[in-house]
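Undergrad: Structure, please.
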Amino acid sequence: MRTVGTRELKQNPAEVIARVLASGQDVEITAYGKPTGVRLVADRPGPKKWVSGAVLNALPQVGTGDNESLKADIARVVAEDDYVTDPWEGRQ
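TA: Have a look, this model is predicted:
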């Protein structure tokens, strides 16, 4: 996480805010080099990372045969009676 001192924030607030919005990364405000507990957080995400077609083509293909095994796994878990327990059961 990047840090910005109170002096820089006071002298160039528009520039600091523009950097936060452009990068989408949080910036921690410091006073005399020590964290103040205040952060600038972008309200909207930063620019999206470009993914090339070669990277997308390298992803494994998901076929329709996988659906049946997934359905069987879900049915097996749902069929078990005690797969979800109440942690507060038995307490007064």
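Undergrad: helices or strands up against the longest strand seen in the chain?
TA: In the chain, with assignment by DSSP state E, the single longest strand is strand 34-40. Strand 34-40 sits against helix 13-23, strand 27-31, with contacts defined as 3 or more C-beta pairs under 8 Å, 6 or more residues apart in numbering; DSSP states H and E. Yep, even glycine has a C-beta here, placed from its N, CA and C like the rest.
Undergrad: Quick one: the ones you listed as CSV, columns for mean neighbour count, mean pLDDT and distance to Ala42 too.
TA: Formatted as CSV, those follow (neighbours: other C-beta atoms under 10 Å; pLDDT from 0 to 100; distance: least, C-beta to C-beta, whole Å):
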stretch, mean neighbour count, mean pLDDT, distance to Ala42
helix 13-23, 13, 90, 5
strand 27-31, 16, 94, 9
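Undergrad: Of these, which is nearest Leu56?
TA: Among these, the nearest to Leu56 by C-beta to C-beta is helix 13-23 (24.7 Å).
Undergrad: Run the chain-centre distance for that closest one.
TA: 20 Å (C-alpha atoms, centre = their mean, to the nearest Å).
Undergrad: Switch the helices and strands packed on strand 34-40 over to CSV; also include distance to Val38.
TA: Output for the helices and strands packed on strand 34-40, formatted as CSV (distance: least, C-beta to C-beta, whole Å):
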stretch, distance to Val38
helix 13-23, 12
strand 27-31, 4
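Undergrad: and of these, who's closest to Lys48?
TA: Going by C-beta to C-beta, the one of the helices and strands packed on strand 34-40 nearest Lys48 is helix 13-23, 12.3 Å.
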